[in-house]
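>>> any chance you could fold what I've pasted below:
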Amino acid sequence: MTPKEFEKYLARDVRCSHCGRADDTLVIQHRANRGMGGSKRRNSPANLLVLCSEVNGLIESDADWAATAKRFGWKLESWEDPEVAPVYDVAIGVWSLLDNDMNRYALLAYDQNDV
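Residues are numbered from 1 along each chain as shown. Below you'll find the predicted structure:
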């Protein structure tokens, strides 16, 4: 990903969806994994989310964090559609949908138990 592309994700997401950091530790998280050499289709905007590198690393290395990431839509199963799977921004307490046009839509009424 180029710095210019990364700036678009920063403009959409603003901060880490977990801790709220808005600094140079921010990285892109693939919600549905690309896999070894994976599909470029997985690089769609709805499948990419900004998180801090600390949380990104924990999600990839700790089973409890991985479960939290799935509950909050930060990680998806390969069959899940990122455009219809909401993400939770813990920092501000809002569920949103991401689309492939780089938009984030807040969901006004969303039951976490539906995830």
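
>>> identify the residues contacting the residue nearest to the spatial centre of the chain.
Residue closest to the average C-alpha location in the chain (C-alpha atoms, centre = their mean): residue 49, at 3.0 Å. By C-beta atoms under 8 Å, 6 or more residues apart in numbering, the contact list for residue 49 reads 9, 13, 17, 28-29, 31, 74, 87, 98. In this view, the C-beta of every residue, glycine as well, is placed from N, C-alpha and C.

>>> the helix or strand harbouring it pairs with which strands?
Element membership of residue 49, judged by DSSP states H and E, is strand 48-52. According to DSSP bridges, strand 48-52 has the following sheet partners: strand 26-30 (antiparallel).

>>> any idea how far the residue nearest to the centre of the chain lies from residue 102?
According to C-beta to C-beta, to the nearest Å, residue 49 stands 12 Å off from residue 102.

>>> only whichever of the contacts of residue 49 are buried, select them in PyMOL.
Per 16 or more other C-beta atoms under 10 Å, the buried members of the contacts of residue 49 correspond to this PyMOL selection:
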select buried, resi 9+13+17+28+29+31+74+87+98
